[in-house]
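>>> Compute the structure for the input listed below.
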Amino acid sequence: MDRTEESLRHRDTTPAPIALSAWNRLVQEDLLHVNPTAENLRRPVADVQLYDALDDQANVRNTVVLAMGVSCGSAGFERVLVHAADGEAAAVIVKARGTPIEDLRAASSRHDVPVLVVGDDADWTRLIAMARTAVAGAAVDSVSGVRLGDLFAFANAVASITNGAASIVDPSGRILGYSTVPGQPIDDLRRETTLTLQERTPPALDADFKVVYSSTAALFVQSPSGIADRLALAVRAGGELLGSIWIIDPGGERRQPALDALDRLAPLAGLHMLHARSASDFTERRNADLMRTLMDDPARASFAAAQLGLEFTDGFAIAAFALTHPNGGSLDAMREQHRLLQLVTVTCNVQFRSAYSALIDSVVYALLPCAGDSPRAAHRRVIRDIGSYATTISAHPVVSAVGGIAEQISELPRSRTEALRTLRYLMHQQSVTRENPTPRAPAAAVFEDYWTELNLLEIGKYITEKQLDKFDVIDAIRAYDATHHTDFLITLRAYFDSNANVSKAADRMHVHGNTIRYRITRLAEEFQIDFDNPTTRLWLWLRLVSTDLM
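Predicted coordinates for the structure are as follows:
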């Protein structure tokens, strides 16, 4: 048996301590460390206990203590901290219940005990279960240095065992992890899928995937000419299909041992994929909740920023991304939206070395840092790149918009509103109509690119909401055109767009100048429009422009 496989299968199941920082990442709960230092982040975690006020003698060494039923600032909370400090506990978890973070930080420093704050609505039962799972599962990283759920590291371990480059694929065709073992041959298909993180053909439409899914054992899959043969295994847990593992066939005498190894690793693969899915779902949910709080809830925005580790040294801008998918609520659209979220996250990580993104109501939002001399140039570049890369995840274009720079946390809602207004405007302009056979605007922009149009659009909405258009003639002209098949409204628009220059208006409409003069005269007579009155001209122009933008 391969040594790597042996270490994967035969390991010490006794949880060994892990660093507090690593445990915090794995616990899958919103925990805010109020006073993180290099020293206390390295504190070992070997157990989790509920605090018992009647048992001050309990051994809490290297233990995370859950202070259930204790309010911050009370004598009971002080007793918990004293007990934790004397017993060399790893940390104390408590609900803030309105206590300022500064007070909690002071208490943590005073007793030299790391204090982690959990949300007031957190379920203690779920928290202790997740906390203990994190200790047991991640302590020895579960298998030969491979942390549970780290599918890239697990793919490397599988590739080492089977002597073939490995890829881990979910049922929708997403590449969840792939190996990077030096010296192992790969082909063009492998190169393409690791770049796009997506299979060429969805598994539901691929005959090879269907054969693999129908088998309970690893299979040899013969590939078309020019593509290396594969070994494949369907991964399940409790009867649920989690995905599959694909290995480039090592060939010859190595094939059967590789198939046997895949079969033996099937339960372990299921464990890794289950944990990865749980962690991914939690992270996505958590980020969405925190991003929503940042953008919608000023009272709790500072807490959300602390949870995300944001530092507003140079400010941030909210970016919004959406697919122009005709069936936005379909399963395919939802899958593509999640692929877009992954694309935005990866691209922002590459560009800014950080990524704060979330999918909220079919729109992917991202926090873009504003460091450097030209942050807007960086913002334009990243949304342009995402638009280019998006062709690999969807046949539908991606529209991107960035709101103004928020120099303080309290300004993030304004940046989000600007991003969303710009996004909706661009998506409207992307639509194809009879008068507009091609899109009228690019698919990516920052707010200031269209601030004039967006402000005019707001004026138009205000006019409509307040019924200020009740007595003007624009709607009457539109109705007259529809009934009599005339072009008075188009003529009026061309006339104003040409600054009342008849020759230019005629050129715009490709008609004779006398036609324009005749129509303007008819408009004045039929609808009692005084074209000599500048206020009347301004109002009609404003109505035309604002309605055109809607």
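>>> C-alpha from now on. contacts and neighbour counts both.
Will do.
>>> Pretty sure residue 244 sits in a strand.
Yes - Residue 244: assigned to a strand according to DSSP: H, G, I helix; E, B strand; the rest coil.
>>> Enumerate every residue touching it.
168, 169, 170, 171, 213, 232, 233, 234, 235 (Cα atoms under 8 Å, 6 or more residues apart in numbering).
>>> again, only using 10 Å
Residue 244 makes contacts with 167-171, 173, 175, 209, 212-213, 218, 232-236, 266, 269-270, 273, as judged by Cα atoms under 10 Å, 6 or more residues apart in numbering.
>>> Could I get the full set of helices for the stretch 1-150 of the chain?
3-9, 20-26, 38-41, 75-86, 101-111, 124-138 (DSSP state H, counting those that start in this stretch).
>>> Tabulate these (a markdown table), appending mean neighbour count.
A markdown table is the format used below for the helices of the stretch 1-150 of the chain (neighbours: other Cα atoms under 10 Å):
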| stretch | mean neighbour count |
| --- | --- |
| helix 3-9 | 15 |
| helix 20-26 | 19 |
| helix 38-41 | 13 |
| helix 75-86 | 18 |
| helix 101-111 | 16 |
| helix 124-138 | 18 |
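>>> Can you lay out those as TSV showing mean pLDDT and distance to residue 537?
Below are the helices of the stretch 1-150 of the chain laid out as TSV (pLDDT from 0 to 100; distance: least, Cα to Cα, whole Å):
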stretch	mean pLDDT	distance to residue 537
helix 3-9	49	79
helix 20-26	78	63
helix 38-41	84	68
helix 75-86	90	71
helix 101-111	88	58
helix 124-138	73	66
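>>> Make JSON lines out of these and add distance to residue 388.
Below are these laid out as JSON lines (distance: least, Cα to Cα, whole Å):
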{"stretch": "helix 3-9", "distance to residue 388": "41"}
{"stretch": "helix 20-26", "distance to residue 388": "33"}
{"stretch": "helix 38-41", "distance to residue 388": "40"}
{"stretch": "helix 75-86", "distance to residue 388": "53"}
{"stretch": "helix 101-111", "distance to residue 388": "43"}
{"stretch": "helix 124-138", "distance to residue 388": "38"}
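>>> closest to residue 470 out of the ones you listed?
Among the helices of the stretch 1-150 of the chain, helix 101-111 comes nearest to residue 470, with 53.6 Å by Cα to Cα.
>>> Not counting the closest one itself, show me its contacts.
Counting by Cα under 10 Å, 6+ apart, residues outside helix 101-111 touching it are 32-36, 72-73, 77-78, 81-86, 91-92, 94, 96, 112-117, 302-303, 306.
>>> Also stretch 445-455?
Contacting residues not belonging to stretch 445-455 are listed as 317, 319, 376-377, 379-380, 383-384, 399-405, 415, 417-426, 441, 456-461, 545-546, 549-550 [Cα under 10 Å, 6+ apart].
>>> mind listing which of those are in helices?
376-377, 379-380, 383-384, 415, 417-426, 456-461, 545-546, 549 (DSSP state H).
>>> May I see the ChimeraX selection of the buried members of those residues?
Burial among the ones in helices among the contacts of stretch 445-455 is assessed by 16 or more other Cα atoms under 10 Å; the matching ChimeraX selection reads:
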select :376,379,380,383,384,415,417,418,419,420,421,422,423,424,425,426,456,457,458,459,460,545,546
